[in-house]
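[1] how would this look folded up:
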Amino acid sequence: MRKLKIKDVVMTALLTALYMVFYFISSMGVMVFGQFGHAISPGICGLLTGALMLFVTRKVGKFWQFTIMQAICMLLFSIMGAGYLPWIITSMAGAILADLIASREEKPAVWKVGLASGIFHVGQAWGSIIPSWFFLESYKTEWIGRGQTPEAMEEMVKFTTGFMGVVSTLIVFALSFCGVFLGWLILRKHLKENAR
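    Below is the predicted model of the structure:
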C-alpha cells in the first residue's frame with residue numbers, strides 16, 4: 001500500500017474544497033423537495049461529485065484519501081455549528097470503508113470507485129437515519145434545541161425512520177454510484193482509460 005505524502009494531503013484538501021462547493025450547491029438545490037430532499041442530499045452531492053471522486057483515485061490514489069476528505073468536511077461543518085457526533089461517526093465510518101474498497105490499489109476499477117462513493121455518501125446520510133432508527137427522541141430534542149422547528153423535525157423523521165430510511169439509503173447509494181459512472185463519461189478522454 002502506497003503511503004500518503006504531504007503533496008497528496010494538499011491535493012486532497014484542494015479537491016475537498018471543490019467537493020464542498022458541490023455539497024452546498026446540492027444542498028440548496030434539494031430544498032425544493034423539503035425534508036425528503038434533505039434526507040437524500042448526500043446522494044445528490046454524490047451524483048454531482050462522481051467525477052471528482054474518480055479524479056481523487058487517479059490523482060491521489062492512496063489509502064486514507066477518502067477519510068481525509070470526510071474529516072475535512074466534518075471539521076468544516078463542525079466549525080459552522082452543524083457538527084453532530086452520530087453524523088461524524090457514520091460519515092467517518094463510511095469514508096474508511098470507501099478507502100478499503102477503492103484506495104488499496106492504483107487506479108481501481110470504476111465500479112469500485114462507484115461502490116466507494118456510494119458507501120461514502122450513505123455514511124453521511126446515516127447521520128440522520130441511524131438516530132431516527134435508534135434514538136429518535138434525543139435526536140429530535142437535540143436539533144429542536146439547535147433551532148429546528150418541531151414540525152420540520154417531524155417531517156425529517158418521516159423520511160429517515162423505518163422503511164423510508166431504507167428507501168433514502170438506497171436512493172443515496174444509487175445516485176452516488178451512478179455519479180461515478182457519469183464522472184467517468186466526462187473524464188474518460190482525459191484519463192485515457194476504459195471502464196472496468
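[2] if you count residues, where's the longest helix of this protein?
    When the chain is scanned for its longest helix (criterion: DSSP state H), the result is helix 162-191.
[3] could you give the mean pLDDT of it?
    The predicted model gives helix 162-191 an average pLDDT of 93.
[4] same question for stretch 62-74.
    Model confidence over stretch 62-74, given as mean pLDDT, is 96.
[5] repeat that for stretch 47-55.
    Stretch 47-55 comes out at a mean pLDDT of 96.
[6] quick one: contacts of it?
    Residues from elsewhere that reach stretch 47-55 (C-beta atoms under 8 Å, 6 or more residues apart in numbering): 15, 18-19, 22-23, 25-26, 46, 110, 113-114, 116-117, 120, 175-176, 178-184, 186-187, 191. No exception for glycine: its C-beta is placed from N, CA and C like everyone else's.
[7] equivalent analysis for stretch 153-162, please.
    Against stretch 153-162 from outside (C-beta under 8 Å, 6+ apart): 34-36, 38-39, 128-129, 132-133, 136, 139-140, 143-144, 148, 164-165, 168.
[8] those in helices, which ones?
    Using DSSP H, the members of the contacts of stretch 153-162 that fall in helices are 34-36, 38-39, 128-129, 132-133, 136, 139-140, 143-144, 164-165, 168.
[9] what's the PyMOL line that selects buried ones from these?
    A single PyMOL command is used to select the members of those judged buried by 16 or more other C-beta atoms under 10 Å:
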select buried, resi 35+36+38+39+128+129+132+139+140+143+164+165+168
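[10] on that earlier part again, in the longest helix of the chain, what counts as buried?
    Residues of helix 162-191 classed as buried by neighbour count (16+ other C-beta under 10 Å): 164-165, 168-169, 171-184, 187, 191.
[11] pull the distance from it to the chain's centre.
    With C-alpha atoms, centre = their mean, to the nearest Å as the basis, the distance from the averaged C-alpha position of helix 162-191 to the chain average is 10 Å.
[12] just stretch 127-140 next, same as before
    Going by C-alpha atoms, centre = their mean, where stretch 127-140 is centred and where its chain is centred differ by 19 Å.
[13] next, the distance between the ends of that stretch.
    As for stretch 127-140, its first-to-last residue distance stands at 13 Å under the measure C-alpha to C-alpha, to the nearest Å.
[14] average pLDDT for that stretch?
    Here the mean pLDDT over stretch 127-140 is 91, rounded to a whole number.
[15] contacts for that stretch, please.
    Contact with stretch 127-140 is made by 38-39, 84, 86-88, 90-91, 150, 153-154, 156-157, 160-162, 165, 168-169, as judged by C-beta under 8 Å, 6+ apart.
[16] and residue 37, how close does it get to residue 44?
    Relative to residue 44, residue 37 is positioned 8 Å away (criterion: C-beta to C-beta, to the nearest Å).
[17] tell me, what's touching these two both at once?
    In the contact map built from C-beta under 8 Å, 6+ apart, the residues linked to both residue 37 and residue 44 are 29, 30.
[18] between the two, who's got more neighbours?
    Each of residue 37 and residue 44 has its neighbours counted (other C-beta atoms under 10 Å); residue 44 has more, 24 against 17.
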